[in-house]
Each structure stands twice: as structure tokens, then as C-alpha cells.
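Asks: coords please:
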Amino acid sequence: QVQPVESGGGLVQPGGSLRLSCAGSGFTLPVHAIAWFRQAPGKEREGVSCISKNDRNRYYADSVKGRFTISRDNDAVYLQMNSLQPEDSAVYYCARDVGPDCNIDSWNYAGWYDYWGRGTQVTVSS
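Replies: Predicted coordinates for the structure are as follows:
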């Protein structure tokens, strides 16, 4: 069964850091672009970041630029989140792109992604 699998969420104080991981179950992770989305209660799902195959390109939402870093190796895709704020609290989802590259103009369009993980909760609170 094809399934991205997220891990690494938790509770952190404002200004703290977390590192999320996304592993590929049932598919070859390195040949796909992978994106992170998030959804907070009462809000629409938001694209956070995308990384292409072989790390050719990386894209970020304006709200996380300079604080979040996406990276990958053969085993997983990572989202290093620094300077976390309460507004970053959400369920974070990992999604597999149908192809090897993030769409340069619309990487945050959910329709490009065919398989989604179940999500990991990130809560930023004092």
C-alpha cells in the first residue's frame, strides 16, 4: 500500500524547533517531489513547502520562509521548523507529487499530489 508516513510532531514552546520526517511506504520516495501541507482547525489546508527529486528545487510559503527548511535523503524528506509560533500549530501532512518536480507556479495546489499521509500534530504553546 502506497502511503507517506509522517513523524516528529509534538508540543513545543514559542521560539522552539521541531523536525518532521516523511518516509515512503510502498513506493520509491527518491523519484518523487514531496510537499508538506498543514491544516489548522477552522482553516483551509495550506501548502508549506515542496522539494523536487534530487533536491533540484525547493519552494516555501511566504509565512515560513527563513524559518523552515525542507531537505531530503534517500530515506525521507525532512522539514526543519525553527522559531515556531502559535500560528504554526496545525496538523502537518506529507504528500507525494505525481512526478519528480514541484510545479514552479502552483506547487501548493493539492491536486498535484496523489498520496497523502495521515498527518502529525504540531502544537506551539507556552
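
Asks: switch to C-alpha atoms for all contacts and neighbour counts from now on
Replies: OK.

Asks: Would you check that Val64 makes contact with Arg38?
Replies: No: Val64 is beyond contact range of Arg38, at 11.6 Å (criterion: Cα atoms under 8 Å).

Asks: and the two? which has more neighbours close in?
Replies: It is Arg38, of Val64 and Arg38, that has more neighbours when counted by other Cα atoms under 10 Å, with 22 against 16.

Asks: Please name the bridge partners of the residue nearest to Asn108 when sequence neighbours are not counted.
Replies: With Cα to Cα, 6 or more residues apart in numbering as the criterion, Asn108 has its nearest non-adjacent residue at 4.6 Å, and that residue is Gly47. With DSSP bridges applied, Gly47 shows beta-bridge pairing to Phe37.

Asks: can I assume Gly47 is in contact with Asp62?
Replies: No: under the criterion of Cα under 8 Å, Gly47 is not in contact with Asp62, lying 10.1 Å apart.

Asks: more crowded one of those two?
Replies: Legend: neighbour count by other Cα under 10 Å for Gly47 and Asp62, higher for Gly47 (21 against 9).

Asks: How much space separates the spatially most central residue of the chain from Ser126?
Replies: The residue lying closest to the centre of the chain (Cα atoms, centre = their mean) is Trp36, at 2.0 Å. Between Trp36 and Ser126 the computed distance is 25 Å (Cα to Cα, to the nearest Å).
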